Every structure is written in structure tokens, then in C-alpha cells.
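# Quick one: sequence plus predicted model below, questions after.
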Amino acid sequence: NTATLGLYGLGTMGSALALNILDNGFALHVSNRSADAVRDFVSEAKGEDLAADLHGADSLEAMVDAMATPRAIIMMVPSGKPVDATIDTLIPLLSEGDTIIDAGNSDFRDTIARTKDVEAKGLTYIGMGVSGGEEGARRGPSIMVGGTPAAWDAVRPVIEAIAAKFGDEPCADHLGPDGAGHFVKTVHNGIEYADMELIAETYGLMRHGRGQSPAEVGAVFEGWNTGKLDSYLVEITAAVLQATDSETGKPAVDVILDAAGQKGTGRWTAIEAIRMGQSANVIEAAVAARAWSAEGEERDIGAELFGGERGAIDLPDADLEAALLAGRIVSYAQGFRILAAASTEFDWSIDYARTAEVWRAGCIIRSALLDDIATAFRADLPKGELIFAPTFVTLLRDGLPSLRRVVAAASSAGHPIPALASALAFLDTMRVARGTTDLIQAQRDFFGRHGFVRLDGRRDQHGPWWE
Ligand code: 6PG
């Protein structure tokens, strides 16, 4: 018995997803907090010749009332309170067998709690990460589903139909129970933040260190997009940097305030990493860079006090390209490390190869690397670490000297490169078999009698300072 589909929340993403559903031949009921948006949407759908199976309703109540059971209702509302408010309105209106689907960027912890509450009432709940921005939602996003296998089976045909395709394969899958889908989306966004920051830092070195114009840098990125860095984010960077502001005639990027917004998902990835005793330091650096960027007045004072100059950098494109690629590999690898830690902690059994495959098309972090990442996870991976997969060992061995040259040159000339430097710090830490935390253990024992493990494996040993 196929469920009747409804979608509530006709903002940019909701409208695009609704048109995508209709375009794939499914009947759809829609509604929105303000009825005006419903009318606008219905005329938009008519304009696209997609209104045949569309039913607009002025309220959520009216929409549910008009739907035959069982019903599956997709919520596309801002994360947080609006999701709870929509669920509260829906629960008394729905009956057993109905499904509520949250397709927004919800915190996975909220999704776990909501799944419990909603399913205790005999309904089904799905937390679904959707990536790809407006264009993705309209033409085919990447979709990361969390819920029970039965819930997935019921919605699978429509989700697979509207998802992006890699070849013939839909970039959508059931990745685990309750919060797993939203957690995978959160980590996707953490990687998105890191990749964007790595790209921006590389742009900064060319712009302010090599004195190139945005358009010139854009052309370099365009070239890189045909190589190993082939990806959506590099592609749009090339387009952005070559665009001109119609008002001033200046490069578009030059009229934009350098204060980056963030709605939370990248930050959540960093928070969860640290909470689990891990670190995704490239993602953390990207979150930090956005936070610091918002402190424009402080940076003005800093420029006065410490001198804002950035020196020249004499590095070839090839070094910058290889450094960016190494940084990107580390940011993906760190994302998967966090997924693995959470999968263990929450008992999700996330399939990392499938996750990489779901990200191969439709989503913001889609890139040529993801196919190699999926292949790497299908093979025997030492310690499950992506950086130890043969393909990535080769790429990192080749890229490490470039990354080192780039970080050294940037640091010497005073260019802030928190993400690139973090990637190098991670790789250098992982390639030094014996580091310096022996001293930290000694210090801990000295002041707190915490004990340490000797090299021969004997535990709970104490240093001579306690003799
Ligand atoms: C996507 C994007 C999308 C959005 C995020 C991040 O996958 O389509 O990640 O979900 O860009 O909300 O937004 P912020 O940069 O505002 O945190």
C-alpha cells in the first residue's frame, strides 16, 4: 500500500524538492505556514506543467485531512523549534501507519529523541539528510536516510527516484537507524566547511601572495577541475572568481564582506568529534576560520597593532594544487573517522563505502575522490583509516612535500592558513611513530600521580619523582 505523499514547508529547498517529486511522476500534497506560498508554488508548478497531481492546502491540518492513508509527510522547515512545532501539530492529525520525514538539517540528537517520541505514538519517523542546495533539491540531491528498515522500504521508491544518479545508481540510501542519516549529513557539512576553507586559503595565497586577480585565480581553479581536484566546490569557485559585480564592475568576490555565516552543522561535527575524544582538526580549523571571520572590528584593531601585511609567495600552481588535494584527502579522512567513532558509540553500523557512494553525485562535497574512497572502504583498510589506503598513500606521499612547502611559505609570509596547516599537523603527527606525549604522561604523573605505561607494556608505573 503506497503512502500518499505530502510536503510541508515551501521555502527554497521545500519548493525545489516538491517540484522534483512532481517531475518524477508522484502525486503530491503541499502546504506551508503562510498560504500565500502555497498559491505561489501551485502557479510555479503550473508554469512548469507539473500541477496535474498537485494538491495545495492552506494549512497543515487541511493538507493531512485531504490525504488518503497511509500518509508520508516530508517536513522541510528550519531546524530546531519549527520542526518540533510541526511534529506537535501533526501527531494528533495522523494515524497508525503514517510516516513523518524530517528532510532538514536537524541535529541528529534531536532526531534520535523525536524518533522515540513519534514512534511511541504508533507512527513512523525518518530523519533524512538532503544535500545539494536548491539546484540539487530540484534536479536530484544526495539523500542520507536514518530510520528503521521498514520505514526505508516504504519510502524508497520515491527517494531513489528524486535522488541524484551516479551512472544509473541513485545517490540515496538507508545508512542506519534514527539519527544516523542526519549525522552523516552533519559530517558531510563538516567536510563541506573544511573543503571550502582549504579552497579559500589556497585562493588567498594566489591572490595576496602571488598578486593574481580573482579572474586569474578562477582560471587556475578551472584547470584544476579537470584533474584530481575535479569537484563541485572547485567548479563553482572557478565560476565565482571569474564573475563580475554588475553594480561596480569589480570582481564579484571583491564586493563581498569577508564574514562567513554558519548555521551549525559544521560546528556540530567538530563538537561531536571532540566529545568523542577525537579530533577532526581540519574541520575544527574551518569552523574557527568562520567564527574569526565574523570578528571584523577585532581584526581591524589586530591589523593596526601587529601590521596587516602579507608577503609575496613564490610557489608554482602544482604545489598549491597538490597541497589542496592533500588537505582535501585529510578532511574526508577526518570526516570518516568521526563517522566511525559515532557509528561505534551509537551502534549504527554505518556502511562507509555506501556513504561515499551516496556522496558521489548531487551533494555539495561531490568530487572525483569519492569513487576512490568508496573503493578504499570496500577493500581491507589498515585500522579503517582512509589515509592508509594504497591510492591515498600514493597521493599523500606525492602531496606532502608540496603541502609542507605551501604551509612554510605561507607562514613565513604571514598568510593565515588554519586549515592547510592543520592538515599538515595531522599528517606529520600520524607519520611520526614515537611522538612527544611521553612527556605529557610524565607531567601528568608528576603533578597528579596519574601513572603511565612503560615501553615494555607494564601499566600503572610511576616516575622517579615519586620515589
Ligand atoms: C548542502 C548544504 C546545505 C547548507 C548547510 C550549510 O549539503 O546542501 O550543506 O545544507 O549549505 O545548511 O550551511 P551553513 O554554511 O549556513 O552552515
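Cool, the structure landed. Source: prediction; values computed, not measured.
# from here on, contacts and neighbour counts on C-alpha atoms
Noted.
# For the ligand, tell me whether the helix ranked longest in the chain is touching it.
For the chain, the helix with the greatest residue count under DSSP state H is helix 317-346. No. Applying Cα under 6 Å from any ligand atom, one finds helix 317-346 separated from the ligand by no less than 14.0 Å.
# Note down every partner strand of the host helix or strand of residue 129 and its orientation.
Element membership of residue 129, judged by DSSP states H and E, is strand 124-131. Using DSSP bridges, strand 124-131 pairs in its sheet with strand 99-102 (parallel), strand 142-146 (antiparallel).
# tell me the mean pLDDT over that strand?
Mean pLDDT, strand 124-131: 98.
# Ok, stretch 429-439 next?
Rounded mean pLDDT across stretch 429-439 is 97.
# Repeat that for stretch 409-416.
On average, stretch 409-416 scores 98.
# Report the distance from it to the chain centre.
Relative to the chain's own centre, stretch 409-416 is displaced by 28 Å; criterion: Cα atoms, centre = their mean, to the nearest Å.
# And it, what's buried?
Residues of stretch 409-416 classed as buried: 409, 410, 413, 414, 415, 416 (neighbour count, 16 or more other Cα atoms under 10 Å).
# Residue 289 against residue 418, yeah?
Yes. Counting by Cα atoms under 8 Å, residue 289 does reach residue 418; the two are 7.2 Å apart.
# that older thread, if we take the buried residues of stretch 409-416, which one ends up nearest to the ligand?
Minimum distance to the ligand across those is 20.3 Å, recorded for residue 416 (Cα to the nearest ligand atom).
# Three-state assignment for the closest one, please.
coil (DSSP: H, G, I helix; E, B strand; the rest coil).
# What residues does it make contact with?
201, 410 (Cα atoms under 8 Å, 6 or more residues apart in numbering).
# what's the answer for residue 308, then?
residue 302.
# What residues sit buried inside stretch 161-180?
Within stretch 161-180, judged by 16+ other Cα under 10 Å, the buried ones are 161-165, 170-180.
# What residues does the stretch 251-400 of the chain have near the ligand?
261, 262, 263, 264, 265, 363, 364.
# how about a cut-off of 8 Å?
Taking Cα under 8 Å from any ligand atom as the contact definition, the stretch 251-400 of the chain meets the ligand at 260, 261, 262, 263, 264, 265, 266, 363, 364, 365.
# count of neighbours near the single nearest residue of the stretch 351-467 of the chain relative to the ligand?
Minimum separation of the stretch 351-467 of the chain from the ligand (Cα to the nearest ligand atom) falls at residue 364, amounting to 5.1 Å. By other Cα atoms under 10 Å, the residues close to residue 364 number 21.
# State the pLDDT value of it.
Reported pLDDT for residue 364: 98.
# was I right about it contacting residue 190?
No. Look at residue 364 against residue 190 with Cα under 8 Å: they stay out of range, at 11.2 Å.
# can you give me the strands in the stretch 51-200 of the chain?
54-56, 71-75, 99-102, 124-131, 142-146, 165-166, 169-170, 172-176 (DSSP state E, counting those that start in this stretch).
# So for residue 464, which of those sits nearest?
Smallest distance to residue 464 across the strands of the stretch 51-200 of the chain (Cα to Cα): 50.3 Å, for strand 172-176.
# which secondary structure elements does the closest one contact?
strand 142-146, helix 149-162, helix 352-358 (3 or more Cα pairs under 8 Å, 6 or more residues apart in numbering; DSSP states H and E).
# now the angle between strand 142-146 and that strand, please.
If you take axes from the mean of the first three to the mean of the last three Cα atoms, to 10 degrees, strand 172-176 sits at 30 degrees to strand 142-146.
# Deepest-packed of the strands of the stretch 51-200 of the chain, please.
strand 142-146 (a mean of 31; mean count of other Cα atoms under 10 Å).
# Only alpha carbons, please: show that one as CSV.
Only the C-alpha atoms of strand 142-146 are listed here, as CSV (Å, rounded to 0.1, in the frame of the first residue of the first chain):
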residue,chain,number,x,y,z
SER,A,142,22.1,13.3,-2.4
ILE,A,143,19.9,11.7,0.3
MET,A,144,21.1,10.2,3.6
VAL,A,145,18.3,8.3,5.3
GLY,A,146,18.0,7.3,9.0
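# That one versus helix 149-162: what angle between them?
170 degrees.
# Going forward, count from 594.
All set: I'll call the first residue 594, so the last point we hit is now strand 735-739.
# ok, and what's touching strand 735-739?
For strand 735-739, with Cα under 8 Å, 6+ apart as the criterion, the contacting residues are 719-725, 729, 745, 752, 756-757, 764-775, 777-778, 948, 951-952, 954-956.
# count of residues packed around residue 896?
12.
# Make a markdown table out of the strands of the stretch 644-793 of the chain and add distance to residue 917.
Compiled in a markdown table, the strands of the stretch 644-793 of the chain are given as follows (distance: least, Cα to Cα, whole Å):
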| stretch | distance to residue 917 |
| --- | --- |
| strand 647-649 | 46 |
| strand 664-668 | 37 |
| strand 692-695 | 35 |
| strand 717-724 | 23 |
| strand 735-739 | 24 |
| strand 758-759 | 25 |
| strand 762-763 | 29 |
| strand 765-769 | 28 |
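# Out of those strands, which gets nearest to residue 829?
With Cα to Cα as the yardstick, what comes closest out of the strands of the stretch 644-793 of the chain is strand 717-724 (15.7 Å).
# what's the spacing between the closest one and its chain's center?
15 Å.
# Contacts (any at all) between the ligand and it?
Yes. With Cα under 8 Å from any ligand atom as the measure, strand 717-724 is seen reaching the ligand through 723, 724.
# Domain map for the protein?
For the chain, automatic domain parsing gives the domain ranges 597-771, 779-1024, 1032-1059.
# quick one, what contacts the residue most central in space within the chain?
The centroid of the chain falls nearest to residue 782 when counting by Cα atoms, centre = their mean (1.6 Å). Going by Cα under 8 Å, 6+ apart, residue 782 touches 858, 859, 862.
# which of the residues you listed tops the neighbour count?
In terms of neighbour count, residue 862 stands highest of the contacts of residue 782 at 28 neighbours, by other Cα under 10 Å.
# Do you know the pLDDT at residue 595?
85.
# Go ahead and confirm residue 1022 touches residue 1016.
No. Between residue 1022 and residue 1016 there is no contact under Cα under 8 Å: 9.9 Å.
# which one of the two has more residues nearby?
residue 1016 (30 against 13).
# what's the average pLDDT for stretch 706-713?
98.
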